[in-house]
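A.B. asks: Predicted model and sequence follow; I will ask about them next.
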Amino acid sequence: MYLKHERVYVSNLIVNVFSALMIVILSNILGKNKISLAFKLFGLIIFNVGVYIKTAHLYLYNHPITKDTIFIFLETNGAESSEFLSTYFDSNLFLIGLAMLLAMLFSLYSLIYDYKNKEVFYKIKVRLPSTKLDLHSAHLLVFMLVFYFFVINPYYHRRSIFLIYSFVGGYHDYKREMVAYQKIGFEKLGGNFSEVVHQESDHRKTYVLIIGESTTRHHMGLYGYYRHTNPLLSKMKDELIIYEDIISPHTHTIASLTKVLTLGNYENPEEKYSGSFIQLFNKAGFKTYWLSVQPPAGISETVVSRLSNSSDQQHFIAHYGYQPVDEAVLSPLTEILSETEEKKFIVIHLMGTHASYKKRYPDNYNKFHSTPITPFEHEEAYQSINMYDNAVLYNDFVVSEIISQLKETNSKSWVLYFSDHGEDAFQTINSAGHLEKNGTQPMYDIPLVLWLSDIYKSSLEDLVFKPKRKYMTDDLIYTLADLANIRFQEFDSTRSLVNPNFEYRNRMILNNKHNYDEIFKKLPPIQLECDFCIPVRND
């Protein structure tokens, strides 16, 4: 399913026209003076920039800018912006931008010329039918129409296609959430977790949660993909519990992880301000670590990095101007594992398969070059899929190395790997990426893989591991608590993936309005049509 809005382009055109008319009306009210000229020049620049941003967004995503878009923009750092432009900026966007720039420069020059010379720079003669409508009446009529579309009409107001409204509203909501998450981050023993109890044992405990990025299970050999993108994890397949039907609550990082990392879920979204799993493990007596290859800051500190402030130790490897590949986590992880703490909980946040795909892996993992399987037969699709598969291949190496390090600790340990959301790389749509409003099934379908040490297996009590259970990761905090044998008064056993009391609940997405299992039919893994078939050029 690919969600489209047929009225998007018409709505965008209407808003742009009326926005331009409002600038003209207000400048005429100010009269012919320097203030009016300054207002026209400033309004013209802002108007053209706004129109280009909205046009580019529509071109890329077939959906208008919303408050969610503003959240993503405010969480984006310079390196991510550069990667985004290098990935998605094409010749069409360049030509549109160039045409708008030339038109804007011509208009700016004509405005200044008219003001200095007191005459019109260019004239267009148009014969109009006679009318009794005077200028003031026209201004009033346009103002009333604009007021209707932006204030009264619920469709336009709800869609937030007026860019200034979207930005101001989005920024206000963003700052409100940042304050709330800052409070969570600074309260290491905070959160609405009462009567926290951790069942002790004689063994040293080391638990690791790996958060991937933009990785759909549809491109993983571990899940039946035709390419061998998981050679190392496949070798240890008998040691892994591979969950087959796990989805993310959203198709982008911010909205997804603010539920995954906290008590919040679709039924109780406001609970995301009530505590994070880092705080839960702190209260249970674990030493907590946050090890990240993701940059810690966007325009300001990000939501995720603020939540991570409650951990005992933070290691942000990336910084402005430096973005390493994911194996950069292995050395600091070795140091953490060598510490003598009896109880460790380590969160590792990877870049995974985040666009730009070609920057997610070193040159020696540039393995896939053949023509891949896709319904969209053009070079851009082939290159994107090959780079994405290379990134999945490298991600396989990093995750398997983390598991290997845990094996050597000879401790009671587990490693749980999942991705914050998926990605559609020319699988069901003619593009590569992820967007909530135009969400497709590969954007929701994620891997969730669990490894358990022999010592952990020998001490298992009252947990069950059923790979076919359907689950959404907004309830992950209860699964983590179960795996770590942590109990608290607010614990809900029916929401834990590994609990005998687990109950399937409708997996609602898109602002809790759509049931994932009803709008998406199960997609089979991308495979060759027969066992002996091969792609055009074999990898």
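C.D. replies: Perfect, thanks for sending it.
A.B. asks: wait, what's in contact with the residue nearest to residue 222 when sequence neighbours are not counted?
C.D. replies: Once flanking residues are discounted, residue 222 sits nearest to residue 230: 4.2 Å by C-beta to C-beta, 6 or more residues apart in numbering. All C-beta atoms are positioned from the backbone trio N, CA, C, and that covers glycine. When contacts are counted by C-beta atoms under 8 Å, 6 or more residues apart in numbering, residue 230 touches 220, 221, 222, 392, 393, 396.
A.B. asks: what about the spatially closest residue to residue 460 that is not a sequence neighbour, distance to residue 286?
C.D. replies: Spatially, and ignoring its direct neighbours in sequence, residue 460 is nearest to residue 452 (8.0 Å; C-beta to C-beta, 6+ apart). Here residue 452 is placed at a distance of 18 Å from residue 286 (C-beta to C-beta, to the nearest Å).
A.B. asks: just residue 115 next, same as before
C.D. replies: 68 Å.
A.B. asks: Between these two, which is the more surrounded one?
C.D. replies: For residue 115 versus residue 286, neighbours defined as other C-beta atoms under 10 Å are more numerous around residue 286 (24 against 16).
A.B. asks: Run through the residues that contact that one.
C.D. replies: Contacts here follow C-beta under 8 Å, 6+ apart; on that basis residue 286 touches 198, 205, 207, 343, 344, 345, 484.
A.B. asks: just checking, the first one touches residue 484?
C.D. replies: Going back to what we said before, that points to residue 198. Yes. Counting by C-beta atoms under 8 Å, residue 484 is a contact partner of residue 198 at 7.2 Å.
A.B. asks: Quickly list what's touching both of these two.
C.D. replies: With C-beta under 8 Å, 6+ apart, residue 198 and residue 484 have common neighbours 284, 286.
A.B. asks: Could I get the phi/psi values of the residue nearest to residue 460?
C.D. replies: phi -120, psi 140 (degrees, to the nearest 10).
A.B. asks: need the strands for the stretch 201-350 of the chain, in chain order.
C.D. replies: 205-212, 240-247, 287-292, 313-316, 343-349 (DSSP state E, counting those that start in this stretch).
A.B. asks: who wins for proximity to residue 408 among the ones you listed?
C.D. replies: strand 205-212 (10.8 Å; C-beta to C-beta).
A.B. asks: What pairs with the closest one, parallel or antiparallel?
C.D. replies: strand 343-349 (parallel), strand 412-419 (parallel) (DSSP bridges).
A.B. asks: between the ones you listed, which one is nearest to residue 242?
C.D. replies: strand 412-419 (10.2 Å).
A.B. asks: so what secondary structure elements neighbour the helix or strand where residue 50 lies?
C.D. replies: Using DSSP states H and E, the element containing residue 50 is helix 34-61. For helix 34-61, the packing partners by 3 or more C-beta pairs under 8 Å, 6 or more residues apart in numbering; DSSP states H and E come out as helix 8-30, helix 91-117, helix 163-186.
A.B. asks: who wins for neighbours among the contacts of residue 286?
C.D. replies: residue 345 (26 neighbours).
A.B. asks: Which residues are in contact with the closest residue to residue 349 other than its chain neighbours?
C.D. replies: Distances taken as C-beta to C-beta, 6+ apart put residue 292 closest to residue 349, at 4.0 Å, once the chain neighbours are dropped. By C-beta under 8 Å, 6+ apart, the contact list for residue 292 reads 305, 308, 314, 315, 316, 317, 318, 329, 348, 349.
A.B. asks: Domain boundaries for the chain, per the record?
C.D. replies: Per automatic domain parsing, the structural domains of the chain span 8-123+133-174, 193-519.
A.B. asks: I'd like those as a markdown table, with distance to residue 526 and mean pLDDT appended.
C.D. replies: As requested, the domains of the chain are exported to a markdown table (distance: least, C-beta to C-beta, whole Å; pLDDT from 0 to 100):
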| stretch | distance to residue 526 | mean pLDDT |
| --- | --- | --- |
| domain 8-123+133-174 | 22 | 63 |
| domain 193-519 | 6 | 93 |
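A.B. asks: ok, the closest residue to residue 483 other than its chain neighbours - how many residues close by?
C.D. replies: Distance criterion C-beta to C-beta, 6+ apart; nearest residue to residue 483, sequence neighbours excluded, is residue 414 at 5.9 Å. Residue 414 has 21 neighbours, counted by other C-beta under 10 Å.
A.B. asks: Please report how far residue 414 lies from residue 231.
C.D. replies: Distance from residue 414 to residue 231, by C-beta to C-beta: 23 Å.
A.B. asks: Also residue 322?
C.D. replies: 29 Å.
A.B. asks: Give me the more crowded residue out of these two.
C.D. replies: The neighbour comparison of residue 322 against residue 231 (other C-beta under 10 Å) goes to residue 231, with 14 against 10.
A.B. asks: Can you tell me how far the more buried one is from residue 237?
C.D. replies: Counting by C-beta to C-beta, the gap from residue 231 to residue 237 is 11 Å.
A.B. asks: So which residue is dead centre in this structure?
C.D. replies: The centroid of the chain falls nearest to residue 252 when counting by C-alpha atoms, centre = their mean (2.1 Å).
A.B. asks: hang on, that one packs against residue 423?
C.D. replies: No. Using C-beta under 8 Å, residue 252 makes no contact with residue 423, being 10.7 Å away.
A.B. asks: Of all the helix elements in this protein, which one is longest?
C.D. replies: helix 379-408 (DSSP state H).
A.B. asks: Pull out the buried residues from it.
C.D. replies: In terms of neighbour count (16 or more other C-beta atoms under 10 Å), helix 379-408 has its buried residues at 381-403, 405-407.
A.B. asks: do the same with stretch 335-343
C.D. replies: Neighbour-count burial for stretch 335-343 [16+ other C-beta under 10 Å]: 336, 337, 343.
A.B. asks: Using a markdown table, lay out these together with distance to residue 55.
C.D. replies: Shown next, in a markdown table, are the buried residues of stretch 335-343 (distance: C-beta to C-beta, whole Å):
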| residue | distance to residue 55 |
| --- | --- |
| 336 | 47 |
| 337 | 51 |
| 343 | 54 |
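A.B. asks: Out of those residues, which is nearest to residue 188?
C.D. replies: For the buried residues of stretch 335-343, the minimum distance to residue 188 (C-beta to C-beta) is 15.0 Å, reached by residue 343.
A.B. asks: Look up how far residue 198 lies from that closest one.
C.D. replies: For residue 343, the distance to residue 198 equals 8 Å [C-beta to C-beta].
A.B. asks: shared neighbours, these two?
C.D. replies: Common contacts of residue 343 and residue 198 (C-beta under 8 Å, 6+ apart): 284, 285, 286.
A.B. asks: can you put those in CSV and add distance to residue 216?
C.D. replies: Converted to CSV, the shared contacts of residue 343 and residue 198 look like this (distance: C-beta to C-beta, whole Å):
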residue, distance to residue 216
284, 33
285, 36
286, 31
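A.B. asks: Out of these, which is nearest to residue 45?
C.D. replies: Nearest member of those to residue 45, counting by C-beta to C-beta, is residue 286, at 53.4 Å.
A.B. asks: Now do residue 44 against residue 107, distance only.
C.D. replies: 6 Å.
A.B. asks: no no, residue 346
C.D. replies: Residue 346 sits at a distance of 57 Å from residue 107 (criterion: C-beta to C-beta).
A.B. asks: who has more neighbours, these two?
C.D. replies: Between residue 346 and residue 107, residue 346 has the larger neighbour count (other C-beta under 10 Å), namely 26 against 17.
A.B. asks: and residue 331, how many neighbours?
C.D. replies: Other residues near residue 331 come to 9 when the count uses other C-beta under 10 Å.
A.B. asks: related to what we said a few turns ago, farthest pair in the contacts of residue 286?
C.D. replies: Checking these with C-beta to C-beta, the most distant pair is 198 and 344, at 12.8 Å.
A.B. asks: Identify the residue spatially nearest to residue 264, adjacent ones excluded.
C.D. replies: residue 272 (2.8 Å).
A.B. asks: wait, what's in contact with the one you found?
C.D. replies: Counting by C-beta under 8 Å, 6+ apart, residue 272 touches 258, 259, 262, 263, 264.
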